[in-house]
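# A structural model of the following input is requested.
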Amino acid sequence: MNDTQLRQSVINQLNFEPSIDAADIGVAAEEGVVTLTGHLPSYDQKLAAERATWRVQGVKGIAQKIKVRFATDKKHHDDEIAERALKILAWNSSIPSSALRVKVQDGLVTLSGPVDWNYERDGAEAAVRRLEGVKGVLNEINLQPVVQAADVKQRITDALTRHAQVESSRVQIDVGDDGKIRLDGQIGSFDERRAVLRAAWSVPGVRTVDDWMTIY
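Have a look, this model is predicted:
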């Protein structure tokens, strides 16, 4: 697929996504790297556009330059956004909100504090990024491992072997100190990459995952 075909495929994918208003998105492609420009009415749509682009076969990298521009020019004060963020975290029973801290500056929300599981960290970010007035989310929440399992590598390997979308032999796993994981190798698609990352994060004891995998 050449760059012209790749660009058109990305445009088609963005137009196909019902959750994205793609009329104001610009797309360029060069040697498999797609540049997204323009503006969208919410941060959640900005992330949805990025995920949709990764799903297109042939995309090797993304330069994300989309800006969040609200449908109205209504100003959202940072203290109001922070208050709503704290409330929505408190309402979510799956998130240990008492340990989390929220900082807002010019619509950019920074989340920090400790949690036990990666799904709690992801859940906190997902809840906050949907709030009106949020232009971006910086997730600095730390993972406190539940266990330091000696067989972390084997557990990840077993999870990948069970997954129908993943060719586990192409993925190299290095387990460092304090639950640090490095993933290398070549995979066939963005969906496969996401499956590998999900498997790694699902193992108790994993604190960080460095993704060095490439899509061939």
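# Find the least confident helix or strand in the chain, judged by mean pLDDT.
Here the helix or strand of the chain ranked lowest by mean pLDDT, DSSP states H and E is helix 152-162, holding a mean of 74.
# need the next SSE after that helix, C-terminal direction.
Counting by DSSP states H and E, the element after helix 152-162 in chain order, helix or strand, is strand 171-175.
# Kindly export that following strand (C-alpha atoms) in CSV.
The C-alpha atoms that make up strand 171-175 are tabulated as CSV, following Å, rounded to 0.1, in the frame of the first residue of the first chain:
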residue,chain,number,x,y,z
VAL,A,171,7.2,-11.7,21.2
GLN,A,172,10.3,-11.5,23.5
ILE,A,173,9.7,-10.8,27.1
ASP,A,174,12.3,-9.4,29.5
VAL,A,175,11.4,-9.1,33.2
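# Any buried residues in the very next helix or strand once past that strand, and which?
Per DSSP H and E, the first helix or strand lying C-terminal to strand 171-175 is strand 180-187. The neighbour-count check on strand 180-187 (16 or more other CB atoms under 10 Å) flags 181-183, 185, 187 as buried. In this view, the C-beta of every residue, glycine as well, is placed from N, C-alpha and C.
# The following helix or strand past strand 180-187: how far from the chain's middle?
For strand 180-187, the succeeding helix or strand toward the C-terminus, using DSSP H and E, is helix 190-201. Relative to its chain's centre, helix 190-201 lies at 11 Å (CA atoms, centre = their mean, to the nearest Å).
# Next: stretch 155-162.
22 Å.
# about what we covered before: please save the CA atoms from the least confident helix or strand of the chain in CSV.
Taking C-alpha atoms only, helix 152-162 is exported to CSV below (Å, rounded to 0.1, in the frame of the first residue of the first chain):
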residue,chain,number,x,y,z
VAL,A,152,5.9,-13.1,35.9
LYS,A,153,7.5,-14.0,32.6
GLN,A,154,5.9,-17.4,32.5
ARG,A,155,2.5,-16.0,33.3
ILE,A,156,2.7,-13.5,30.5
THR,A,157,3.9,-16.2,28.1
ASP,A,158,1.0,-18.5,29.1
ALA,A,159,-1.5,-15.7,28.6
LEU,A,160,-0.1,-14.9,25.1
THR,A,161,-0.2,-18.6,24.2
ARG,A,162,-3.9,-18.8,25.1
